[in-house]
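[1] quick check, what structure comes out for this input:
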Amino acid sequence: MSKPLIQFRDYQGASFRRPEGMFARVWRRQSGKSYTLGAEALDLMMADVCNVVFASAALRLGQENILKEAEIWRSNIAMMRAAAVAGKYRMVTSADDDKGNTIDVDALADMLEHTRLEVKLYHSRTTFSRSIVVAPNPDTAVGWTGHVFLDEVGRIPDFQDVFEAMEPIVSSQDKYVVRMATTPPPDDTHYSYELLAPPADATFPTSSHGNWYKSEAGILVHRVDADDGHAAGVWLRDLETREKLTPSESRAKAIDKTAWDRNFDVAFVRGVSTTALTSTALAHAQAMAAGTGVKITETLSLENLRDFIPVDWIDNVAPTGRIGAGHDVATSEGGTANPAALVITQEAGNQYPERLVVAWKTEDPAIATALIKMVIQDLRNAGHTGIRLAVDASSEVYYARGLRADLAALCQVILVKGGQKIKHKGEEMDSKTLLGNLYSNAVNDGQVPMPSGKWIVEDRRLVKKKGGKFYADLGKNGEHGDTFDGGKLALWTLIGRTKSGVGVSAMRVGGDTGLVPKYAGKLASAMRRLGLGDGTPKTTLPG
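    Below you'll find the predicted structure:
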């Protein structure tokens, strides 16, 4: 035949039939790791009677290698059938067939006994090679005999113990090999990080064949990143439109860029925890001085709210441009009360300047509602309609529902719970992670001008990212990244989408009058004194 039965991309071929007893493939996601492992296992099984032991982070993933073997074998059968029909060659059943009959090619499929976790390839009626899937258990690894293929090692629990248990297989018997495959682990404390990370000064020119290096631990590694894959003809796809993307285009669209760097740039990201917003990005954002920042440290009452947020803050707001607001509700952490925060953001082309950032403490929910209502009314008085307010309803859900009812006549209120799953541009994750990624990406990319104020920087630098998730340290006065959360909620009202149009859980009030808080009477009286209407809760949205 003019072409080999198994067709490889350049980098797959570069790592196939290597003589080394052990090496690792550190390849980008969806690059053909399982296919290559399956082909290599099948090649070893055809060459000699042997066992191939597959272990992965989950039995299902190990079974994928078995399925790839079957897939490769079936495709080979089809190619041999086509070649036989075309008269390019003849295959005979056995030496004792003196008639020279052409083999029934379909009978070859019966040589492959494919069960749920095992493949047998028969060399004769009594001898066969076998590949089997096992759990990556250090207690059973000591008994493995044969070639060992470890897939997704970056996510195997207790990998150090598994590795140490099976290493003697290749150390003592030269006929067996160990093959590992993975993308870099999300946690730099995982043993695969120590085992496979490249030297700090290593450089990797783009090559369709990938690059080889020796890790700091002395393990030979074949590295294939997104640029190498692209050079070999492997495109990335937009998660929403499915259009082809170059690696740089794909990264620009990624929601979690750290995860993209790990999964596609195969970067070994050092540091279990990193600050979500860089100090450089925050300095740049404040240099653009978008609006007003107000940190309220004095006691609030329903009568003095205007003293803290003077009405001229509205001068920072452009006459046109959609308005989004985000409210992080005050909670308690470690016995310390967290401030509440409100952020007003306006769309301005591809920029999202924050026109107002305010933080305060109060034990009276009526005061928080009055403050927010005052700010929204300022925007309405300036001619802005269609305002959307996103409220964190993760813990104080009853307050959030009451606020939604109280503001129904002024704006659309969106309730966002931190654990709810949201799908955005083809990616699905919990809202806390999704909104955190969108906001930190926008700030770090210079798209969110924000008010000046050291306290804003200090509050937002409390937010850290660990293992792809966001959490916040506790400041000395209970700060908890409150303005970060307010900012991400405000941004989400402008860029988030649902099937109905915009926002997460965009619930119109309708029949929620029963959720109006008990303090409605006190709130209505305060609103009248502040000149903000009669304060009566409404149940319809403005047209």
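[2] in contact with the closest residue to Glu243 other than its chain neighbours, which residues?
    The shortest distance from Glu243 to any non-neighbouring residue, by CB to CB, 6 or more residues apart in numbering, is to Arg237 (6.9 Å). Every C-beta, even on glycine, is put in place using the N, C-alpha and C of the backbone. Listed by CB atoms under 8 Å, 6 or more residues apart in numbering, the contact set of Arg237 reads Glu243, Lys244, Leu245.
[3] what are the bridge partners for Arg237, then?
    Lys244 (DSSP bridges).
[4] buried subset of the contacts of Arg237, written for ChimeraX?
    To isolate in ChimeraX the members of those that are buried, counting by 16 or more other CB atoms under 10 Å, one can use:
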select :245
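[5] and of the contacts of Arg237, the nearest to Gln12?
    Lys244 (20.4 Å; CB to CB).
[6] mind pulling up the pLDDT for that closest one?
    What the model reports for Lys244 is a pLDDT of 93.
[7] is it true that it touches Leu236?
    Yes - Lys244 is in contact with Leu236 according to CB atoms under 8 Å; the separation is 7.4 Å.
[8] including distance to Val294, could the contacts of Arg237 go into CSV?
    Formatted as CSV, the contacts of Arg237 follow (distance: CB to CB, whole Å):
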residue, distance to Val294
Glu243, 44
Lys244, 47
Leu245, 42
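[9] and the next helix or strand past the helix or strand of the chain with the lowest mean pLDDT?
    Sorting the helices and strands of the chain by mean pLDDT, DSSP states H and E puts strand 112-114 at the bottom, at a mean of 43. On the C-terminal side of strand 112-114, the nearest following helix or strand under DSSP states H and E is strand 118-122.
[10] partners of that following strand, with directions?
    Partners of strand 118-122 in its sheet, by DSSP bridges: strand 112-114 (antiparallel), strand 128-134 (antiparallel).
[11] distance from the chain centre to the longest one, please.
    Counting by CA atoms, centre = their mean, to the nearest Å, strand 128-134 is centred 34 Å from the centre of its parent chain.
[12] what mean pLDDT does whichever helix or strand comes after it get?
    Toward the C-terminus, strand 128-134 is succeeded by helix 138-141 as the next helix or strand (DSSP H and E). Average pLDDT, helix 138-141: 76.
[13] and what of stretch 395-415?
    Mean predicted lDDT for stretch 395-415 stands at 90.
[14] got any ranges where this protein has weak pLDDT?
    Residues of the chain that meet the criterion pLDDT under 70 lie in 1-5, 58-117, 170, 172, 271-273, 332-336, 497-543.
[15] for the stretch 1-150 of the chain, which segments count as strands?
    Taking DSSP state E, counting those that start in this stretch, the strands of the stretch 1-150 of the chain run over residues 22-27, 51-56, 112-114, 118-122, 128-134, 147-151.
[16] what's the most buried one of the strands paired with strand 118-122?
    Comparing the strands paired with strand 118-122 by mean neighbour count (mean count of other CB atoms under 10 Å), strand 128-134 ranks first with a mean of 20.
[17] dump the C-alpha coordinates for it into CSV.
    Taking Å, rounded to 0.1, in the frame of the first residue of the first chain, the C-alpha atoms of strand 128-134 are listed here in CSV:
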residue,chain,number,x,y,z
PHE,A,128,-3.1,-13.4,22.7
SER,A,129,-2.0,-9.9,23.7
ARG,A,130,-4.3,-8.0,26.0
SER,A,131,-4.8,-4.4,27.0
ILE,A,132,-6.8,-3.8,30.2
VAL,A,133,-8.0,-0.8,32.1
VAL,A,134,-7.3,-0.6,35.8
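[18] could you give me the buried positions within stretch 410-428?
    For stretch 410-428, the neighbour count (16+ other CB under 10 Å) marks Leu410, Cys411, Gln412, Val413, Ile414, Leu415, Val416, Lys417, Gly418, Ile422, His424, Glu427 as buried.
[19] do you know which of the strands paired with strand 118-122 lies nearest Phe16?
    Across the strands paired with strand 118-122, Phe16 has its closest neighbour in strand 128-134 (16.7 Å, CB to CB).
[20] ok, back up a step: could I get the strands of the stretch 1-150 of the chain in TSV, plus columns for distance to Thr483?
    Formatted as TSV, the strands of the stretch 1-150 of the chain follow (distance: least, CB to CB, whole Å):
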stretch	distance to Thr483
strand 22-27	39
strand 51-56	43
strand 112-114	58
strand 118-122	57
strand 128-134	50
strand 147-151	43
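[21] give me the nearest residue to Tyr439, chain neighbours excluded.
    Once flanking residues are discounted, Tyr439 sits nearest to Lys488: 3.6 Å by CB to CB, 6+ apart.
[22] did I read that right, the one you found in a helix?
    Yes - judged by DSSP: H, G, I helix; E, B strand; the rest coil, Lys488 forms part of a helix.
[23] quick one: contacts for it?
    Gly326, Leu435, Gly436, Leu438, Tyr439.
[24] neighbour-wise, which of those leads?
    Neighbour counts for the contacts of Lys488 (other CB atoms under 10 Å) peak at Gly326, which has 32 neighbours.
[25] so for stretch 255-270, what gets flagged as buried?
    Buried residues in stretch 255-270 (16+ other CB under 10 Å): 255-269.
[26] of those residues, closest to His209?
    Proximity of the buried residues of stretch 255-270 to His209 (CB to CB) peaks at Val266, which lies at 15.1 Å.
[27] test my guess that the closest one contacts Trp27.
    Yes - Val266 is within contact range of Trp27, at 7.0 Å (criterion: CB under 8 Å).
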